[in-house]
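In: A predicted structure for the sequence below; I have some questions about it.
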Amino acid sequence: MFGTSRNTLKAVAAILAVTITAACAKSGDKVDSDAKDSAAAATAAGTPMDTGMAGMSGMSGMAGMTGNADQDFLRMMSDHHKGLIAMAHMTKDRKEGGTAVADATKLDAAQDMELDHMVTMLEKDFKDAYSPKVLPAHQAMAEALKSKTGKEYDRTFYQNIIQHHQEAIKMVDGYLPNAKNAMLKQMAEKMKADQTKEIADFQKKVTALGS
């Protein structure tokens, strides 16, 4: 029963590894450098990008996989949410800025609520006291924002969130065929719908901010 779930989750993790690195490369010179450093460190540690879930855990600090599709999705998505919350926290309290401040506040509240729900499900359904963490690639995205100001900050913030949402949608698409928990499946489908809508909205804002 778990064989199929493991294979699918390995594929999702491999895709996510490439997506995260590519996303960081697009976020600016500092992010590109950090992404390369992370990849180099992974290679040095003997954890190449294409070694599946075990390699992903070693490379990026991603949640270790259990073989249960529902539990593993909760772990992976909890880590993923933690990364977006890191970017939202530093953005929502900015003194300057346009719509990014308001959008960051909304994102922070929504993802905090979902993260709390996922951690509670892990504890209740799997007796798993998992502590979500910010992945190095997402921390690099957050760090890269510190050097930005004005429209450049807002534009980079939206670009990072778009890329981050795209990663999440890939994770959801990989999880859904193996979902067993009806409530979690419904939650994942809502995440995909909400983030697909936000991607379209944020892409328009990036265009409005110009190059």
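Out: Perfect, thanks for sending it. Residues are numbered from 1 along each chain as shown.
In: mind listing what's buried in stretch 120-138?
Out: Residues 121-122, 126, 128, 130, 132-138 are the ones in stretch 120-138 that count as buried (16 or more other CB atoms under 10 Å). C-betas here are computed from N, CA, C, even on glycine.
In: please flag which of the residues you listed sit within helices.
Out: 121-122, 126, 136-138 (DSSP state H).
In: could you dump the residues you listed to CSV with distance to residue 103 and pLDDT?
Out: Shown next, in CSV, are these (distance: CB to CB, whole Å; pLDDT from 0 to 100):
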residue, distance to residue 103, pLDDT
121, 27, 97
122, 28, 97
126, 33, 96
136, 25, 94
137, 22, 93
138, 17, 95
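In: residue 85: which of those residues is nearest?
Out: Closest approach to residue 85 among these (CB to CB): residue 138, at 9.6 Å.
In: find the nearest non-adjacent residue to the closest one, please.
Out: residue 83 (2.8 Å; CB to CB, 6 or more residues apart in numbering).
In: that neighbour against residue 135, yeah?
Out: Yes: between residue 83 and residue 135 there is a contact under CB atoms under 8 Å: 5.6 Å.
In: number of nearby residues for residue 111?
Out: Residues near residue 111, counting by other CB atoms under 10 Å, number 19.
In: ok, it to residue 192 distance?
Out: To residue 192, residue 111 is 14 Å away according to CB to CB, to the nearest Å.
In: so residue 192 sits right up against residue 172, yeah?
Out: Yes: taking CB under 8 Å as the definition, residue 192 is a contact partner of residue 172 at 4.6 Å.
In: which element follows the helix or strand of the chain with the lowest mean pLDDT toward the C-terminus?
Out: Sorting the helices and strands of the chain by mean pLDDT, DSSP states H and E puts helix 52-60 at the bottom, at a mean of 32. Counting by DSSP states H and E, the next helix or strand C-terminal to helix 52-60 is helix 69-92.
In: which helices and strands sit right next to that following helix?
Out: In terms of contacts (3 or more CB pairs under 8 Å, 6 or more residues apart in numbering; DSSP states H and E), helix 69-92 is packed against helix 2-26, helix 99-126, helix 136-145, helix 150-175, helix 182-209.
In: tell me the average confidence for that helix?
Out: Per-region confidence: helix 69-92 scores 96 on mean pLDDT.
In: again with stretch 199-211
Out: Stretch 199-211 shows a mean pLDDT of 93.
In: for it, could you pull out the residues that count as buried?
Out: Across stretch 199-211, burial judged by 16+ other CB under 10 Å covers 199, 202, 205-206, 209.
In: ok, now stretch 77-92?
Out: Quick answer for stretch 77-92 (16+ other CB under 10 Å): 77-88, 91-92.
In: please apply the same query to stretch 169-189.
Out: Buried residues in stretch 169-189, defined by neighbour count with 16+ other CB under 10 Å: 169-172, 174-175, 178-179, 181, 184-185, 187-188.
In: what about that stretch, start to end distance?
Out: Using CA to CA, to the nearest Å, the end-to-end distance of stretch 169-189 comes out at 9 Å.
In: and the gap between the closest residue to residue 110 other than its chain neighbours and residue 83?
Out: Leaving aside its sequence neighbours, residue 110 sits nearest to residue 194 (CB to CB, 6+ apart; 7.5 Å). To residue 83, residue 194 is 17 Å away according to CB to CB.
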